[in-house]
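> Could you work out the structure for the sequence below:
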Amino acid sequence: MHRPATGTAVTGAEEPARSDHGCEHGDGHVDRMTTAGLLFEAASGLRRLVEHRLAVQSGASNQALDVLVRLSRTPGGRLRMSELADQISLTRSGLTRAVDRLEQRGLVERASCPEDGRGAFAVLTPTGARLMSEVLPSHAAQLDDVFTGLFTAEEERTLTALLRRLRDHVHTGSPDAPA
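Just a heads-up that it's a prediction; the model follows:
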């Protein structure tokens, strides 16, 4: 895998902004189609790199792994089903099926929401937590392999902050959230 030298600054000057027709803007205008496309490509490539190993180690599908990883990294190991669906980009019915399969394996259970009789939580079970404690160290090491030397520590902190801001912006939970 080709990586820039450690400490190489990412300034945006490496590739000039282009219109959706591949023409340079020349006016400093950021081509959001390119930005979004690069984000989607990077996320897709990162998923391909890590999901196979994680699936082999856990015996779970990629969708189930999304649920397990998210729950294992959430304080208390529980999330509302609706929030979980938004965070892992599944439809509510897709999440229901994934949680059904995880419940059958004893990795996740549902708990009712006391404030809302219709709402439910997905909760990581002790068995699910044990599985994730076995799998996550290898997952973290693989992510270290991918990121080490690619970004400076400051660039990685900046990337994390920018991605968190973007995630929060598009997952506001309101019906008029940006499309």
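
> same for the longest helix anywhere in the chain, what does it pack against?
Longest helix in the chain, counting residues (DSSP state H): helix 32-58. When contacts are defined as 3 or more C-beta pairs under 8 Å, 6 or more residues apart in numbering; DSSP states H and E, helix 32-58 packs onto helix 62-72, helix 126-147. In short, each C-beta sits where N, CA and C put it, glycine included.

> The first one vs helix 32-58, what angle?
I take that to be helix 62-72. Inter-element angle recorded for helix 62-72 and helix 32-58: 90 degrees (by axes from the mean of the first three to the mean of the last three C-alpha atoms, to 10 degrees).

> Pull up the distance across stretch 75-93, start to finish.
Using C-alpha to C-alpha, to the nearest Å, the end-to-end distance of stretch 75-93 comes out at 25 Å.

> my bad, stretch 56-64
Length of stretch 56-64, first residue to last, C-alpha to C-alpha: 12 Å.

> ok now do Arg92, which residues does it touch?
Counting by C-beta atoms under 8 Å, 6 or more residues apart in numbering, Arg92 touches 81-82, 85.

> Of the residues you listed, which is the most crowded?
Tallying neighbours with other C-beta atoms under 10 Å puts Ala85 at the head of the contacts of Arg92, with 21 neighbours.

> Would you double-check that that residue falls in a strand?
No. Residue state for Ala85 (DSSP: H, G, I helix; E, B strand; the rest coil) corresponds to helix; a strand is not indicated.

> Who's the closest spatial neighbour of the most centrally placed residue in the chain, skipping the chain neighbours?
Among the residues of the chain, the one closest to the centroid is Ile88, at 6.7 Å (C-alpha atoms, centre = their mean). Nearest in space to Ile88, with sequence neighbours left out and distances taken as C-beta to C-beta, 6 or more residues apart in numbering, is Asp66 at 4.1 Å.
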